[in-house]
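1. Sequence and predicted structure below; questions after.
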Amino acid sequence: MIFKDKMVAVTGGAQGIGKCIAECFAREGAIVHIIDVQDGPWFIGDLSDKVTLERFAAEVIGKIGHIRWTVEPDLFSAIVQNIVSQQISGSAAASILARIEAALVEITPKTVAKTDMQTFRACGVSMRKTEYIKEFAAKVVSGELDLAAVAKMPDAEVIAALSSLRGIGIWTAEILLLFTLQRPDILSYGDLGIHRGMRMVYRHRKITKKLFAKYRCRLSPCGSVASLYFWMVAGGAIPGLTDPACGIQK
């Protein structure tokens with residue numbers, strides 16, 4: 001047991017991802033200290049020396065350290081934001097969302113449903129995205145889609161329910177599971193950043209479905225934490241760690 005008698009601090013350990021991490025360490029014999037904080041649950045701090053959440057944590061979490069990540073707890077607003085943000089830059093999405101918030105004051109099913117399409121178009125939302133957002137809001141207002149019920153579903157059922165909406169695919173549903181519903185074990189095969197991070201950490205030129213399934217199994221039930229760190233690795237958070245795929249001739 002690699003964590004036997006190690007002293008580990010886990011913030012946000014009362015619920016969600018923080019709870020999952022705390023349980024992982026406890027099962028391995030660690031002495032776990034829960035630090036309840038308000039500004040984000042995804043942080044592992046070491047009170048003695050460096051410990052690992054298997055080799056992944058030794059090579060990645062230990063080198064990168066504390067990650068703070070913004071979450072959007074309101075599922076309706078998060079879905080609207082994700083639809084607006086598709087296929088445009090982050091700065092463009094932020095500007096459009098700011099205009100929508102100024103026009104509607106509050107992004108809720110009722111305010112979106114009663115706002116005409118021209119208002120969204122004037123905010124910079126494309127016609128197709130406006131149709132997706134209006135259709136989504138109408139389903140929520142009519143009761144056809146119960147977001148409170150969706151939020152209580154198992155992961156696979158949430159993905160099925162959300163990806164049935166126009167404008168929401170499987171990857172977007174998984175992102176909503178991670179950053180809005182804060183589910184602890186989300187590792188998306190469809191995310192290119194996660195693929196790059198995996199290649200860099202595990203030194204593969206390609207992450208096949210078989211390889212992905214192997215690593216996903218190893219990292220479960222803390223796939224969401226792994227996702228955050230794979231993104232950081234993919235963005236260059238560990239100096240000198242290269243992407244083996246860069247040498248492939250196409």
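-> That came through, no problem. Numbers count the residues shown, from 1 in each chain.
2. if I pick the nearest residue to Arg216 once chain neighbours are set aside, what's in contact with it?
-> Once flanking residues are discounted, Arg216 sits nearest to Leu187: 5.1 Å by CB to CB, 6 or more residues apart in numbering. From N, CA and C alone the C-beta is placed, and that goes for glycine too. Contacts here follow CB atoms under 8 Å, 6 or more residues apart in numbering; on that basis Leu187 touches Ile194, Arg216, Leu219, Ser220, Gly223, Ser224, Ala226, Ser227.
3. got these as CSV, with distance to Leu145 columns?
-> Putting those into CSV (distance: CB to CB, whole Å) gives the following:
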residue, distance to Leu145
Ile194, 28
Arg216, 29
Leu219, 31
Ser220, 29
Gly223, 26
Ser224, 24
Ala226, 30
Ser227, 26
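4. hmm, back to that, now the residue nearest to Arg216: which helix or strand?
-> Under the criterion of DSSP states H and E, Leu187 resides outside all helices and strands.
5. Gly223 is in contact with Tyr189, isn't it?
-> No - applying CB atoms under 8 Å as the test, Gly223 and Tyr189 come out as separate, 10.9 Å apart.
6. got any residues that touch both of these two?
-> Arg216.
7. So for these two, which residue has more residues nearby?
-> For Gly223 versus Tyr189, neighbours defined as other CB atoms under 10 Å are more numerous around Gly223 (25 against 14).
8. And the nearest residue to the more buried one once chain neighbours are set aside, how far from Val158?
-> Spatially, and ignoring its direct neighbours in sequence, Gly223 is nearest to Leu187 (3.5 Å; CB to CB, 6+ apart). Distance, Leu187 to Val158, by CB to CB, to the nearest Å: 15 Å.
9. Can you tell me how far Asp155 is from Leu241?
-> Applying CB to CB to Asp155 and Leu241 gives a distance of 30 Å.
10. ditto for Gly193
-> Counting by CB to CB, the gap from Gly193 to Leu241 is 14 Å.
11. Kindly report the same for Asp146.
-> Asp146 is 44 Å from Leu241, by CB to CB.
12. neighbour-wise, which of the two wins?
-> Leu241 (16 against 12).
13. the helices in the chain, which residues?
-> Taking DSSP state H as the test, the helices found in the chain are 16-27, 54-56, 62-64, 75-85, 90-104, 109-114, 117-122, 127-142, 147-150, 155-163, 170-179, 192-202, 209-219, 223-234.
14. Distance to Lys63 and pLDDT added to the contacts of Leu187, as TSV?
-> Converted to TSV, those look like this (distance: CB to CB, whole Å; pLDDT from 0 to 100):
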residue	distance to Lys63	pLDDT
Ile194	18	97
Arg216	22	88
Leu219	17	83
Ser220	22	79
Gly223	20	86
Ser224	19	86
Ala226	14	87
Ser227	17	91
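15. Farthest pair within those residues?
-> The span of the contacts of Leu187, defined through CB to CB, is set by Ile194 and Ser220 at 14.2 Å.
16. which of the two has more neighbours?
-> Taking neighbours as other CB under 10 Å, Ile194 and Ser220 compare with Ile194 leading, 25 against 14.
17. Identify the residues contacting that one.
-> Applying CB under 8 Å, 6+ apart, the residues contacting Ile194 are Leu187, Ser188, Ser227, Phe230, Trp231, Ala234.
18. so which of those is the most crowded?
-> Phe230 leads these on contacts (other CB under 10 Å) with 27 neighbours.
19. Find the nearest non-adjacent residue to it, please.
-> Nearest one to Phe230, counting by CB to CB, 6+ apart, is Gly197 at 2.9 Å.
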